[in-house]
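Asker: structure for the following, please:
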Amino acid sequence: MKKIIQIVVALLMILLAIIPFLVVYDPLSQAIPALPEFEAPGWFVPVGFINIALIVALSFLLASLSSNKDSGSH
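Answerer: Numbering: from 1, shown residues only. Below is the predicted model:
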């Protein structure tokens with residue numbers, strides 16, 4: 001069961017990283033002509049910071065799940 005939770009948390013972290021990536025991609029797409037044009041909406045910036053905070057919180061959860069697994073084997 002812990003393995004399934006770890007996989008779901010890892011996938012959720014990847015999904016939460018999409019909006020912060022798009023916030024960074026917006027100025028890159030304007031600076032590099034080879035990239036497709038993308039204009040991020042204004043609400044992407046605050047939501048991107050919230051997503052980064054959620055990713056950090058989920059990483060602590062993932063670390064605690066793996067440390068609980070290690071401490072139970074001793």
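Asker: all contacts plus neighbour counts: C-alpha atoms, from now on.
Answerer: Fine.
Asker: elements contacting the helix-or-strand element of the chain with minimal mean pLDDT?
Answerer: The weakest-scoring helix or strand in the chain, judged by mean pLDDT, DSSP states H and E, is helix 44-72 (a mean of 87). Counting contacts by 3 or more CA pairs under 8 Å, 6 or more residues apart in numbering; DSSP states H and E, helix 44-72 is packed against helix 2-16, helix 18-31.
Asker: hey, which of the ones you listed is tucked in deepest?
Answerer: helix 18-31 (a mean of 16; mean count of other CA atoms under 10 Å).
Asker: give me the mean pLDDT for that helix.
Answerer: Mean per-residue pLDDT for helix 18-31: 91.
Asker: tilt between it and helix 44-72?
Answerer: Angle, helix 18-31 to helix 44-72, by axes from the mean of the first three to the mean of the last three CA atoms, to 10 degrees: 140 degrees.
Asker: which residues touch stretch 55-67?
Answerer: For stretch 55-67, contacts defined as CA atoms under 8 Å, 6 or more residues apart in numbering pick out Lys2, Gln6, Val9, Ala10, Met13, Leu16, Ala17.
Asker: farthest-separated two in those residues?
Answerer: Lys2 and Ala17 (22.7 Å; CA to CA).
Asker: adding distance to Gly48, write the helices and strands packed on helix 44-72 out as JSON lines.
Answerer: Output for the helices and strands packed on helix 44-72, formatted as JSON lines (distance: least, CA to CA, whole Å):
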{"stretch": "helix 2-16", "distance to Gly48": "8"}
{"stretch": "helix 18-31", "distance to Gly48": "5"}
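Asker: so which of the ones you listed comes closest to Ala53?
Answerer: Among these, helix 2-16 sits nearest to Ala53 (CA to CA), with 9.8 Å.
Asker: so Ser29 touches Ala40, yeah?
Answerer: No - judged on CA atoms under 8 Å, Ser29 makes no contact with Ala40 at a distance of 10.4 Å.
Asker: appreciated, that's everything.
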